[in-house]
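Novice: After the sequence you'll find the predicted model.
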Amino acid sequence: MPFDNEDLPTLSEAVRPPLIHGAAALSGCAYAGADLNGLLGRLGTSRPRQANPYTPPRRDPAWLFDASVVYQLGFRRAEALELQRQALAQSTLYRVASQSHRRNKLRVMAICAPGDLMVNTPLDFITNELNVRLDLLFIGSDAPLPKVIPDHDVAFFAVSEAGPDLLHRLQQLYAMWPRPVLNDPAYLPGLARDTLAHALADAPGICSPNAVLVERDDLDRYVRGRRPIPGFAAPPDMYPCLIRPSKSHAGHGLSHLSCDADLYAYLRLAQASHFYLTEFEDYRDTDNFYRKLRVAFIDRRPYLCHMAISHHWMVHYLNAGMTESAAKRAMEAEAMASFDTGFARRHAAAFAALHERLGFDYYAIDCAETRDGRLLVFEADTAAIIHLMDPPDLFPYKPSQMHHVFNAFGAMLERRATPADPVSAPAAHRIAEAVPA
């Protein structure tokens, strides 16, 4: 359904969207150990007793929406998306319950898309720590906008991935939105792993391993006849490399390949039709640890949000043993304390190169340092979780660091919401234009 030149909603403070707990509050409970039944209990009812989980005893949209988040946290994605579909069929507007009781809240409208928790910038992990009223407006590619939505001071385009139809619609809305806007969706295509890798290949100070999107047929032909994979190193030089399903996140389906036998075994179990192949860069430090950092950029300024340390090449904060190791936590604390004068200064040219290619007001990268001192960029996106869920007794250095990040984000919102502020989105070359055809 085309939405060219669609009418924008009327803005009104009289609108009261359904009030939800939201992903941040529910994730915090899950992080603290609550199971699915415990999380559902926070929504005002126990788990539905019916065999069909899609018919809960309460059918109001807020319950359905929060229950969808709970089922996602319980790794029950299909059920979660069905609950979300039912919620959005009743209301595409939601308001996250505020943790702040102060007056004069900054009113933020997040423009979101239906989907799982990786589809949108998880803003409430940040705004729950600020004096912000956060409303969520869900926009798909096939449904009209509401006639009336809550008035707001600034809109944040939170969609982190979109197909062509939705992307076109978001770009139109961004251009005509009646309030100040953040995070131009025009830059979203540049976040694809292969597009980003190619655009950064010649950037100063950056190590950007080659990445290609391949069809399963290409991999099958390689396995059967060792035909070179288009755009990738010819055999046997393609190894070592990484493989993952094209739609996966957070390391799901990610595997390290050392030889043809590894690829054959992987394909026997994989169900996807498209995969990313990426050259593997061994980024172990001299102490034999792999260190992966999450750096958020807020109006182009970098902020370290965590550093995971592991002996395994696939580093995620939850599996790196940070809770169990005081030595690792001490290294992370030191990295945070010295970030501005150390890591950020060493990689200032690399960060500038990133900003030339990505025009977002807010985004994050997962990165490391190579043995020769370059910035190794694993991925860039706008949906990375920036949070303060780690227990302060084990991580006493984190509250001050993360509030520093949150306050910087809040200051950006305030600056953009001020009508007299002439600041606009940073000038940048769209990454799709920077990549040769």
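Specialist: Arrived safely, thanks for sending.

Novice: quick one: low-confidence parts of the stretch 51-200 of the chain?
Specialist: 51-58, 100-101 (pLDDT under 70).

Novice: who's in contact with residue 166?
Specialist: 113, 139-141, 159 (C-beta atoms under 8 Å, 6 or more residues apart in numbering). All C-beta atoms are positioned from the backbone trio N, CA, C, and that covers glycine.

Novice: Now render those residues as CSV, adding secondary structure.
Specialist: Formatted as CSV, the contacts of residue 166 follow (DSSP: H, G, I helix; E, B strand; the rest coil):
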residue, secondary structure
113, coil
139, coil
140, coil
141, coil
159, strand
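
Novice: where exactly do the helices run in the stretch 151-300 of the chain?
Specialist: Applying DSSP state H, counting those that start in this stretch to the stretch 151-300 of the chain gives helices spanning 164-176, 193-199, 216-225, 260-269.

Novice: so which of those is the most packed in?
Specialist: Most buried of the helices of the stretch 151-300 of the chain by mean neighbour count (mean count of other C-beta atoms under 10 Å) is helix 193-199; its value is a mean of 21.

Novice: Output the contacting helices and strands for the helix or strand residue 67 falls within.
Specialist: Per DSSP states H and E, residue 67 falls inside helix 61-73. Secondary-structure packing of helix 61-73 (3 or more C-beta pairs under 8 Å, 6 or more residues apart in numbering; DSSP states H and E): strand 19-20, helix 23-31, helix 36-42, helix 77-90, strand 93-96.

Novice: Of all the ones you listed, which one comes closest to residue 271?
Specialist: Across these, residue 271 has its closest neighbour in helix 77-90 (14.0 Å, C-beta to C-beta).

Novice: Show residues contacting the closest one.
Specialist: 53-54, 56, 59-62, 64-65, 67-72, 114-116, 138.

Novice: cool, and stretch 141-148?
Specialist: Against stretch 141-148 from outside (C-beta under 8 Å, 6+ apart): 1, 3, 6-12, 14-15, 92-93, 137, 139, 163, 165-166, 169.

Novice: For it, list every residue counted as buried.
Specialist: Buried residues in stretch 141-148, defined by neighbour count with 16 or more other C-beta atoms under 10 Å: 141, 145-146.

Novice: out of those, who's nearest residue 310?
Specialist: Using C-beta to C-beta, these come closest to residue 310 at residue 141, 39.4 Å.

Novice: Tell me the backbone dihedrals of the closest one, please.
Specialist: phi -100, psi 0 (degrees, to the nearest 10).

Novice: Can you pull the domain assignment for this protein?
Specialist: When the chain is parsed with automatic domain parsing, its domains come out as 10-185, 210-279, 290-431.

Novice: With distance to residue 198 added, can I get those domains in TSV?
Specialist: Compiled in TSV, these are given as follows (distance: least, C-beta to C-beta, whole Å):
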stretch	distance to residue 198
domain 10-185	18
domain 210-279	8
domain 290-431	9
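
Novice: among the ones you listed, which is nearest residue 202?
Specialist: Between residue 202 and these, the tightest spacing by C-beta to C-beta is seen for domain 290-431, at 9.2 Å.

Novice: Kindly indicate whether the residue nearest in space to the middle of the chain is helix, strand or coil.
Specialist: For the chain, the residue sitting closest to the mean C-alpha position, by C-alpha atoms, centre = their mean, is residue 383 at 1.5 Å. Here residue 383 is recorded as coil under three-state DSSP.

Novice: what's it in contact with, if anything?
Specialist: 118-122, 160-161.

Novice: what does residue 61 give?
Specialist: Contacts for residue 61 were tallied using C-beta under 8 Å, 6+ apart; they are 18, 87-88, 90-91, 94.

Novice: Turn those residues into a markdown table, columns for distance to residue 218.
Specialist: What follows is the contacts of residue 61, written out as a markdown table (distance: C-beta to C-beta, whole Å):
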| residue | distance to residue 218 |
| --- | --- |
| 18 | 46 |
| 87 | 39 |
| 88 | 37 |
| 90 | 43 |
| 91 | 43 |
| 94 | 42 |
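
Novice: Of those residues, which is the most crowded?
Specialist: Highest neighbour count within the contacts of residue 61, by other C-beta atoms under 10 Å: residue 87, with 25 neighbours.

Novice: In PyMOL, how would I select the buried members of the contacts of stretch 141-148?
Specialist: A single PyMOL command selects the buried members of these (16+ other C-beta under 10 Å):
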select buried, resi 3+9+15+92+93+137+139+166+169
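
Novice: Residue 181 and residue 111, how far apart?
Specialist: 9 Å (C-beta to C-beta, to the nearest Å).

Novice: Overlap of the contact sets of these two?
Specialist: In contact with both residue 181 and residue 111: 155-157, using C-beta under 8 Å, 6+ apart.

Novice: Can you tell me which of the residues you listed is nearest residue 310?
Specialist: residue 156 (32.8 Å).
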